[in-house]
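Peer 1: no FASTA, just this:
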Ligand code: COA
């Protein structure tokens, strides 16, 4: 079996930023509007008034300070509260494919590769913008890649689950060089009108090149020592948007057609699962958590990452042991741990170990143990 490496990563960051202060101002304006509209029902005790959001709560509860989005104006419009995307004709690049091609091209440059070297494209993300043709086929076409492409969705763990598929494809010989892209337009699945979660997500796209170590051209190579995937069914993170909706005659804008979660339960249940998952994966590879130089963890909540790190190595999150990017990007679903890896690996030395780990809906947990070549 050949050694397999991650030989390049790429990142597309939307230029528009929403700070917590801007977000809260817009939410509070929306709440005031709703309360004015429902004034008589509120007075009659038929419904509760919406309560204002707060910057202090958001930063304390999550560690998030801002998020990048593709369309700021639509999100911040208190009469709209969601991004506005112009529909594109079928002969134009679709939005997910456009940002994926941007990040993918950057990852290929980092790996010293061109599209024609790629013979497998995995579009791995928490949402796909259409049913078919697969986004991956359009991205494959846009970048001039050969071979095959397919989409996969394991919510926030899509990227790590895709790394395992790519590693296995290269090991097994069904592909020589696989490009993974994670276009996460989470602003479209977030319910910006829900105070409990309106601060959580941001948009981004990451990309990863996976190939045989012997063939790799990049000097920045990360040998994949092992991958491990785990799922355990839970309804505590859920989104009921789907192709059956129109046949169910349900409202496409109803609350259950966007991201919903029981945040406290997720926090309590996922932290021990993720810590034990990483610990067992490392142990089976003959390593201890202390031997790992860096953890690139899923970026959903600062408190969750603090607790995972405490359980693993009894250390606080910092840029050396477990870099944080969610203060700038918020939760970017499957892309979060990949952004952390992309932005925080250049200082590591040959031989040093790192763990990329995602956790999210499913529940799903994926870990990738890497060593700098
Ligand atoms: N502004 C001000 N106050 C708010 C608020 C907001 N935007 N949202 C909630 N609150 C209030 C609540 O009303 C509640 O008040 P109460 O105690 O008077 O009832 C209080 O803050 C605590 O709310 P709670 O929902 O219990 O907050 P929390 O401390 O659990 O933090 C999360 C919320 C979502 C940040 C946290 O649970 C979390 O990160 N969970 C895991 C999320 C995750 O990883 N999800 C995966 C997504 S892929």
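Peer 2: Thanks, I have it. None of these values were measured; they are calculated from a predicted model. Residues are numbered from 1 along each chain as shown.
Peer 1: which residues of the stretch 201-350 of the chain lie near the ligand?
Peer 2: Contact residues (Cβ under 6 Å from any ligand atom) of the stretch 201-350 of the chain with the ligand: 237, 261, 263, 264, 266, 267, 300, 301, 304, 331. For glycine as for every other residue, the C-beta is placed from the backbone atoms N, C-alpha and C.
Peer 1: go again using 5 Å as the cut-off
Peer 2: 263, 264, 266, 267, 300, 301 (Cβ under 5 Å from any ligand atom).
Peer 1: find me the pLDDT at the closest residue to the ligand within the chain, would you?
Peer 2: Closest residue of the chain to the ligand, Cβ to the nearest ligand atom: residue 263 (2.7 Å). pLDDT, residue 263: 95.
Peer 1: what's the answer for the one 10 residues further on, then?
Peer 2: Residue 273 is assigned a predicted lDDT (pLDDT) of 97.
Peer 1: same deal with residue 354?
Peer 2: On the pLDDT scale, residue 354 gets 98.
Peer 1: which of the three states applies to it?
Peer 2: strand (DSSP: H, G, I helix; E, B strand; the rest coil).
Peer 1: and the one 4 residues further on, by the same measure?
Peer 2: Here residue 358 takes the strand state, with states given by three-state DSSP.
Peer 1: can you get me a residue count around it?
Peer 2: Around residue 358 there are 31 other residues, counting by other Cβ atoms under 10 Å.
Peer 1: kindly report the same for residue 150.
Peer 2: Neighbour tally, residue 150, other Cβ under 10 Å: 16.
Peer 1: which helices and strands does the host helix or strand of it pack with?
Peer 2: Assigned by DSSP states H and E, residue 150 falls within strand 148-152. If you count contacts as 3 or more Cβ pairs under 8 Å, 6 or more residues apart in numbering; DSSP states H and E, strand 148-152 packs onto strand 120-124, helix 135-143, helix 158-172.
Peer 1: who's in contact with the second one?
Peer 2: Helix 135-143 has contacts (Cβ atoms under 8 Å, 6 or more residues apart in numbering) with 93-94, 96-97, 100-101, 104-105, 108, 115, 118, 121-123, 125, 128-129, 145-151, 179, 181, 183.
Peer 1: below-threshold pLDDT in the stretch 251-373 of the chain: ranges please.
Peer 2: Within the stretch 251-373 of the chain, not a single segment meets pLDDT under 70.
Peer 1: all helices in it, in order from the N-terminus.
Peer 2: 263-284, 302-313, 326-329, 336-343 (DSSP state H, counting those that start in this stretch).
Peer 1: list the buried residues in the second one.
Peer 2: In this case it means helix 302-313. Buried residues in helix 302-313, counting neighbours by 16 or more other Cβ atoms under 10 Å, are found at 302, 304, 305, 306, 307, 308, 309, 311, 312, 313.
Peer 1: quick one on the thing from earlier: could you dump the helices and strands packed on strand 148-152 into TSV and include mean neighbour count, mean pLDDT and distance to the ligand?
Peer 2: What follows is these, written out as TSV (neighbours: other Cβ atoms under 10 Å; pLDDT from 0 to 100; distance: least, Cβ to the nearest ligand atom, whole Å):
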stretch	mean neighbour count	mean pLDDT	distance to the ligand
strand 120-124	29	98	15
helix 135-143	23	98	20
helix 158-172	23	98	11
